[in-house]
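> for reference, the sequence and a predicted model appear below.
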Amino acid sequence: MVVDLTEGTLLHDLGVSVTNLFGGLAIAVVVGVTVGVLLGELPRVRETVDPLIHFFRAVPQTALVPLVIGAMGVGVAPKIATIAFACVWPIMLNSIDGVRAVEPAVRSMSQAYRIPPLLHFGRVILPSSLPQIVAGVRVALPIGVVVMVVSELFAAEEGIGHYILSSSSVFQLPQTWAGALLVGVLGYVLSELFAVLERRLLRWHHRSTNPSQARVPTTKRRK
């Protein structure tokens, strides 16, 4: 692993894979949060499309990889599309649950003050459902890593998946294990980085749910 990262093509393959992963995850976050918030706010629409959501969610994402590549051709686009398709469902479902879990008293207060719709979504709905949305992204991240590798096993010329496949096809076991272990290291590093980002985004939430973390103001006594 060290030799191929410093002297070989493994570092380039890692960059390509991470770029595809972030591209697909970004699309999944935008689509999942947008559609999830809208479905959470529109109960009749949600009940209508709920069977379709659970149907597509149950479809194995890795099985769709060769079909997507066959339809869209070889390149970066089908790989990003398969990653986005795999990651969008946990984000969307958690966004729906987060919106539905908003306290009725908060909604009543927003209606009482006649807050405009855009401000209502931006200042009331999104902050209240943000913990659930972040949890959905946390679930989608390892799914995206798996689909990222699988998508690079089919008709690819670069990426960690291609590196593992090409090494195993010529029985280069050290290189094959190096690629597999690098995927594990990548998943662990991304998980830890996301945990740091989650603590920063939800600092207010953790303080509200754990009063011991709240700062107690100190007062100086007058002499």
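Ah, there it is. Numbers count the residues shown, from 1 in each chain.

> show me where this structure has its helices.
Here the chain has its helices, by DSSP state H, at 2-6, 10-41, 43-58, 61-72, 76-100, 104-112, 117-120, 126-151, 160-169, 173-201, 203-209.

> just name the most buried of the ones you listed.
Mean neighbour count (mean count of other CB atoms under 10 Å) peaks for helix 76-100 among these, with a mean of 23. Every residue, glycine included, has its C-beta placed from N, CA and C.

> just the angle between it and helix 160-169, please?
Counting by axes from the mean of the first three to the mean of the last three CA atoms, to 10 degrees, helix 76-100 points 130 degrees away from the direction of helix 160-169.

> what helices and strands are in contact with helix 76-100?
Helix 76-100 sits against helix 10-41, helix 43-58, helix 61-72, helix 126-151, with contacts defined as 3 or more CB pairs under 8 Å, 6 or more residues apart in numbering; DSSP states H and E.

> mind checking which of those helices is nearest Met92?
For the helices and strands packed on helix 76-100, distance to Met92 was read as CB to CB. The smallest value, 4.0 Å, belongs to helix 10-41.

> tell me how far that closest one is from the chain's mean position?
The offset between the C-alpha centroid of helix 10-41 and the centroid of the whole chain comes to 6 Å, using CA atoms, centre = their mean, to the nearest Å.

> please name every helix or strand in contact with it.
Packing partners of helix 10-41 (3+ CB pairs under 8 Å, 6+ apart): helix 2-6, helix 43-58, helix 76-100, helix 126-151, helix 160-169, helix 173-201.

> take the ones you listed and lay them out in CSV including mean pLDDT.
Below are the helices and strands packed on helix 10-41 laid out as CSV (pLDDT from 0 to 100):
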stretch, mean pLDDT
helix 2-6, 86
helix 43-58, 88
helix 76-100, 91
helix 126-151, 91
helix 160-169, 89
helix 173-201, 91
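
> with Ala26 as the reference, name the closest of those.
Closest approach to Ala26 among the helices and strands packed on helix 10-41 (CB to CB): helix 76-100, 8.2 Å.

> closest to Ser108 out of the helices and strands packed on helix 10-41?
Nearest of the helices and strands packed on helix 10-41 to Ser108, taken as CB to CB: helix 126-151 at 13.3 Å.

> how much does that closest one deviate in direction from helix 104-112?
110 degrees.

> would you mind getting the angle between helix 126-151 and helix 173-201?
170 degrees.

> tell me the helices and strands packed up against helix 126-151.
Going by 3+ CB pairs under 8 Å, 6+ apart, helix 126-151 lies up against helix 10-41, helix 61-72, helix 76-100, helix 160-169, helix 173-201.

> what angle do the first one and helix 126-151 make?
Here helix 10-41 runs at an angle of 140 degrees relative to helix 126-151 (the same axes, to 10 degrees).

> quick one: mean pLDDT over helix 10-41.
Per-residue pLDDT over helix 10-41 has a mean of 93.

> stretch 101-117 now?
Computed over stretch 101-117, the mean pLDDT rounds to 82.

> leaving out sequence neighbours, find the closest residue to the residue nearest to the spatial centre of the chain.
For the chain, the residue nearest the mean C-alpha position is Val137 (3.5 Å; CA atoms, centre = their mean). In this structure, Val137 finds its nearest non-sequential neighbour in Ile91, 5.8 Å apart by CB to CB, 6 or more residues apart in numbering.
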